[in-house]
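Engineer: Need coordinates for the below:
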Amino acid sequence: MPYIGGSVVLVANTTSANQAVGTLEEFITRPSLVRLSAVTSATPANVTLIIGRTALALNQSLVSVGTSVSIKDHVVVEHAALRGRVTLTFVSTATPTVLWRLDVIPMR
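Structural biologist: Now for the predicted structure:
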């Protein structure tokens, strides 16, 4: 199952760069199930996930606090996506670290 993941340290009141840039899964070329799992270090953060022209999560709050991402416990959004570029950004009013994983599961 293809996925991208990583961590980002946020700067207060600033939107992060697109986290999917430069990865193999930056462009979804066939219908797929997309699942975003994320956890923040200490303070709440917000996430925006846009695929093509469809917003799957628009400034949605991350409420999970922890040090590792568990797919079954920390799913933020799970939805079908047709095709398009993946845009994944985070924003917060403080400076937390966000651990995230984006699974792209091709549909048959």
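Engineer: Quick check: nearest residue in space to Gln19, chain neighbours excluded?
Structural biologist: Leaving out its chain neighbours, the residue that sits closest to Gln19 by Cβ to Cβ, 6 or more residues apart in numbering is Leu88, at 4.4 Å. Every residue, glycine included, has its C-beta placed from N, CA and C.
Engineer: Tell me who's in contact with the one you found.
Structural biologist: Asn18, Gln19, Ala20, Leu36, Val47, Thr48, Leu49, Trp100, Leu102 (Cβ atoms under 8 Å, 6 or more residues apart in numbering).
Engineer: And for the third one, the neighbour number?
Structural biologist: So that's Ala20. With neighbours defined by other Cβ atoms under 10 Å, the count for Ala20 comes to 22.
Engineer: any idea how far it is from Ala94?
Structural biologist: As judged by Cβ to Cβ, to the nearest Å, Ala20 and Ala94 stand 24 Å apart.
Engineer: what does stretch 99-108 contact?
Structural biologist: With Cβ under 8 Å, 6+ apart, stretch 99-108 has contacts from 1-8, 19-20, 25, 28, 30-41, 47, 49, 67-69, 71, 80, 86, 88, 90.
Engineer: Need the buried ones from these selected in ChimeraX.
Structural biologist: Buried residues among these (16 or more other Cβ atoms under 10 Å), as a ChimeraX selection:
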select :4,8,19,20,25,28,32,34,35,36,37,38,39,40,41,47,49,69,86,88,90
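Engineer: Whichever strand or helix holds Leu56 pairs with which strands?
Structural biologist: Element membership for Leu56 (DSSP states H and E) is strand 54-62. The partner list of strand 54-62 in its sheet, established with DSSP bridges, is strand 45-51 (antiparallel).
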